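1. From the sequence below, what's the structure:
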Amino acid sequence: MYVAVKGGEAAILQSYRLLAARRRGARDTPELSVAQIRSQLRLAVDRVMTEGSVYDPELAALAIKQAAGDLVEAIFLLRAYRATLPRLGTTLALDTARMQLDRRVSATFKDLPGGQVLGPTYDYTQRLLDFSLLASADDAADADAEAANDAKADVRHDAAAHSDADPHTPRHAPSGAGSDEVPRVVDLLNHERLIETRRIPPGDPAPVDLTREPLRFPADRATRLQNLARGDEGFLLAMAYSTQRGYSHTHPFVGEIRFGSVAVEIEPEELGFPISIGDIDITECEMVNQFAGSKTEPPQFTRGYGLAFGHSERKAMAMSLVDRALRADELGEPVESPAQMQEFVLSHSDSLEASGFVQHLKLPHYVDFQSELELVRRMRAAAPKATAGDDA
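-> This is a model prediction of the structure:
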């Protein structure tokens, strides 16, 4: 251990106190509560839950408060807590076709069975500062509540009108409504056999659990999707962006984005049938990509898939684009770009590992640097004339 570290315990303790004071902020303003973070900073909460691998909005909000808004640090806190939790069982696969939809859009087909559901989105807002948010909290809360009630009424009205127009067409199910099944966009392409089908392998082997087993290469798709779901959103966004700028052989279309709540089910051995243990909010994205065909496959569309906790559209879209790029080997495409190289993407996508390796440089490296300093001095002493010539 470094002498400087041993003698710095008092300074470290004082640093903790200073950190707590900075986190609290000015005493003349109310302290930010966990409940406020959970309800008003929900997009940040959703990201921390997704990359922290724990669906618990309260714990994610607590981590954000403790980390003073540093989401990478909050993800670290949540994952560390997750490591202390017992594993009680395994859920069944989520049936997202029965999702109670708050939002469902497609960029491939205008008229969909079940309809397009715009829902909450920043897609059509002007990127201008809204100074009305500086108004008193009570006035803003009243206005928000009134707007939310009007929006819910409009959604239910639109759904009812759509259902009356075509009683055979399923509709989306707003919160509190039934769980009518809404077919996926890829099902429309599948009717014409224009998109690949994913067959369940014999025995349907359980996927590797990356929270308990190390990542090994080559990684199968289930393992890659786990890694991408836990991966840093910024890194995945950059990789996804690179595929759109020509650093991959894909031409993507958003087949469908869904946001809503879905039932989580388990099947206890003593019962022999599934039971619901609750609902969670998720975002699902299926990307549709061109595929020119290969020696064994005809020209068709292929898929990229992304899924994240809460309302996390950017993460789900980036994940689906990178998922498709990483399937290059499987589809017989040349691997030429970073987003297609699974060892590069999967080894560098985790924010905890990346942050830890970069930030460890702040810790004492006195011995390492002194050895390199001495090496450089000896090298310069061994070639005085060359060094003098370079200096001149």
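2. Please go through the chain and pick out the longest strand.
-> The strand that spans the most residues within the chain, counting by DSSP state E, is strand 275-291.
3. That one pairs with which strands?
-> strand 252-266 (antiparallel), strand 300-309 (antiparallel) (DSSP bridges).
4. next helix or strand past the last one?
-> Using DSSP states H and E, the helix or strand that directly follows strand 300-309 along the chain is helix 313-325.
5. how about the helix or strand that that following helix is followed by: buried residues?
-> Per DSSP H and E, helix 313-325 leads on to helix 342-348 as the next helix or strand towards the C-terminus. By 16 or more other Cβ atoms under 10 Å, the buried positions in helix 342-348 come out as Gln342, Val345, Leu346. Every residue, glycine included, has its C-beta placed from N, CA and C.
6. roughly how far is the following helix or strand past helix 342-348 from the heart of the chain?
-> Moving toward the C-terminus from helix 342-348, the next helix or strand (DSSP H and E) is helix 351-359. Mean-position distance between helix 351-359 and its chain equals 18 Å (Cα atoms, centre = their mean, to the nearest Å).
7. How far off centre is the helix or strand following helix 351-359?
-> Using DSSP H and E, the next helix or strand after helix 351-359 towards the C-terminus is helix 366-382. When distances are taken as Cα atoms, centre = their mean, helix 366-382 is centred 44 Å away from the chain's centroid.
8. So what touches whatever helix or strand Ser15 lives in?
-> Using DSSP H and E, the element containing Ser15 is helix 9-24. Helix 9-24 has contacts (Cβ atoms under 8 Å, 6 or more residues apart in numbering) with Glu31, Lys65, Gln66, Ala68.
9. can you give me the offset of that helix from its chain's centre?
-> The answer for helix 9-24 is 32 Å, by Cα atoms, centre = their mean.
10. and Arg184, how many residues sit next to it?
-> 21 (other Cβ atoms under 10 Å).
11. my read: it touches Val288, true?
-> No. Using Cβ atoms under 8 Å, Arg184 is not in contact with Val288; the gap is 10.9 Å.
12. Mind listing the shared neighbours of those two?
-> Common neighbours of Arg184 and Val288 (Cβ under 8 Å, 6+ apart) are Gly255.
13. ok, so what distance separates the closest residue in space to Phe291 that isn't next to it in sequence from Leu189?
-> The shortest distance from Phe291 to any non-neighbouring residue, by Cβ to Cβ, 6 or more residues apart in numbering, is to Thr302 (4.5 Å). Distance, Thr302 to Leu189, by Cβ to Cβ, to the nearest Å: 11 Å.
14. anything in contact with each of those two?
-> Joint contacts of Thr302 and Leu189 (Cβ under 8 Å, 6+ apart) are Ile195, Val288.
15. Nearest to Arg377 among the strands paired with strand 275-291 would be which one?
-> strand 300-309 (52.2 Å; Cβ to Cβ).
16. Please compute how far the closest one lies from its chain's middle.
-> Using Cα atoms, centre = their mean, the offset of strand 300-309 from its chain centre is 13 Å.
17. same check, this time on stretch 90-103
-> Distance, centroid of stretch 90-103 to centroid of chain: 17 Å (Cα atoms, centre = their mean).
18. hmm, who's touching it?
-> 114, 117-121, 172-175, 177, 179-184, 206, 257-267, 274, 277, 279, 282, 284, 307, 311.
19. ditto for stretch 312-323
-> 43, 46-47, 50, 121, 221, 224-225, 228-229, 231, 233, 236-237, 239-240, 243-244, 250, 252, 254, 257, 259, 283-287, 304-308, 339, 345.
20. those helices in the stretch 101-250 of the chain, which residues are they?
-> Taking DSSP state H, counting those that start in this stretch to define them, one finds helices in the stretch 101-250 of the chain at 137-165, 185-191, 221-230, 233-244.
21. And those, which one averages the lowest pLDDT?
-> Note on these: helix 137-165 shows the lowest mean pLDDT, a mean of 54.
22. Now do the contacts for Val34.
-> So Val34 contacts Glu58, Ala61, Leu62, Lys65 (Cβ under 8 Å, 6+ apart).
23. tally of neighbours for the residue lying closest to Leu236 once chain neighbours are set aside?
-> Here the nearest residue to Leu236 in space, its sequence neighbours aside, is Ala318; by Cβ to Cβ, 6+ apart that works out to 4.1 Å. Ala318: 27 surrounding residues under other Cβ under 10 Å.
24. any idea how far Ala35 is from Ala318?
-> Ala318 is 30 Å from Ala35, by Cβ to Cβ.
25. got a list of what Ile75 touches?
-> Arg47, Val48, Glu51, Gly52, Ala63, Ser351, Leu352.
26. That one sits in which helix or strand?
-> Per DSSP H and E: helix 71-82 holds Ile75.
27. Name the residues of that helix that come out as buried.
-> Buried-residue list, helix 71-82, by 16+ other Cβ under 10 Å: Leu71, Val72, Glu73, Ala74, Ile75, Phe76, Leu77, Leu78, Arg79.
28. Tell me what Gly278 is bridged to.
-> Val264.
29. Pull the number of nearby residues for it.
-> Neighbour tally, Gly278, other Cβ under 10 Å: 9.
30. Surely Thr29 is within a strand?
-> No. Going by DSSP: H, G, I helix; E, B strand; the rest coil, the assignment for Thr29 is coil, not a strand.
31. Nearest to Leu361 among the contacts of Val34?
-> Lys65 (27.5 Å).
32. separation between the closest one and Gly260?
-> Using Cβ to Cβ, which is the criterion applied here, Lys65 is 27 Å from Gly260.
33. Domain parsing of this protein, as residue ranges.
-> 10-82, 96-121+133-199+207-349 (automatic domain parsing).
34. what's Arg193 in contact with, if anything?
-> Here Arg193 is in contact with Gln300 (Cβ under 8 Å, 6+ apart).
35. Leu188 now?
-> So Leu188 contacts Phe109, Pro113 (Cβ under 8 Å, 6+ apart).
36. what about it, distance to Gly119?
-> 21 Å.
37. got it, and Leu194?
-> Distance from Leu194 to Gly119, by Cβ to Cβ: 28 Å.
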